[in-house]
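J.: below are the sequence and a predicted model; questions follow.
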Amino acid sequence: TNAHERFSLEPELSLINELFSINTKDVETIFEKLKLNGSEFALKQLSILEKMSPTSLKLTFEQIKRGKNLNLKDCLIMEYRLVQNVMNGHDFFEGVRAVLVDKDNKPQWKPNSLKNVSDKEIEQYFEKPSSNEDLQLI
């Protein structure tokens with residue numbers, strides 16, 4: 001690539017920082033901000049996010065919030081726990097089915113809306129998996 005090429009999202013950076021601020025309360029607030037903004041860019045992002053697993057959206061948001069205050073070792077442990085716990089859930093396998101196996105691109109998420117994903121459920125994904133030992137880093 002040309003070293004002088006501009007970052008493709010550069011014109012949208014201030015909007016991205018505003019809409020997706022880590023100081024935002026929750027994913028639902030991000031959705032509201034996107035709707036209220038109403039720009040072509042915001043509505044496109046909203047359309048994309050509305051197709052995603054509500055659980056995954058909330059997990060990712062919480063992961064970013066937690067990760068900003070962790071060192072690398074603790075981030076890797078958090079990632080390990082998330083992966084182990086996600087593999088015990090529904091949505092990962094449903095996403096694989098919808099995109100790679102049946103290729104219908106119509107995943108049936110459980111739960112199927114942000115409001116039905118509880119904070120308690122999200123918290124459990126960050127706990128040490130009961131069936132596995134925790135990641136050991138030297």
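T.: Thanks, I have it. Everything numeric here is computed off the predicted structure, so don't read it as measured data. Numbers count the residues shown, from 1 in each chain.

J.: tell me the pLDDT at Ala3?
T.: The model reports Ala3 with a pLDDT of 65.

J.: which SSE is Pro107 in?
T.: Using DSSP states H and E, Pro107 maps to neither a helix nor a strand.

J.: phi, psi for the closest residue to it other than its chain neighbours please.
T.: Once flanking residues are discounted, Pro107 sits nearest to Ala98: 3.8 Å by CB to CB, 6 or more residues apart in numbering. (Glycine included, C-beta is placed from N, CA and C.) Note on Ala98: backbone dihedrals following degrees, to the nearest 10 are phi -70, psi -30.

J.: Ala98 and Lys44, how far apart?
T.: Relative to Lys44, Ala98 is positioned 21 Å away (criterion: CB to CB, to the nearest Å).

J.: the more surrounded of these two?
T.: Ranked by neighbour count (other CB atoms under 10 Å), Ala98 and Lys44 place Ala98 first, with 16 against 11.

J.: residue contacts, the more buried one?
T.: Contacts here follow CB atoms under 8 Å, 6 or more residues apart in numbering; on that basis Ala98 touches Asp104, Asn105, Lys106, Pro107, Gln108.

J.: who wins for neighbours among the residues you listed?
T.: Per-residue neighbour counts (other CB under 10 Å) across these peak at Pro107, which has 20 neighbours.

J.: next, the contact list for it, please.
T.: In this structure, Pro107 makes contact with Ser53, Asp91, Glu94, Gly95, Arg97, Ala98, Val99, judged by CB under 8 Å, 6+ apart.

J.: local confidence estimate at it?
T.: Pro107 carries a pLDDT score of 94 in this model.

J.: with Lys115 as the reference, measure out to it.
T.: Computed as CB to CB, the Pro107 to Lys115 distance reads 18 Å.

J.: helices along this structure, start to end?
T.: Under the criterion DSSP state H, helices of the chain are mapped to 13-19, 27-37, 40-49, 54-67, 72-86, 91-96, 119-125.
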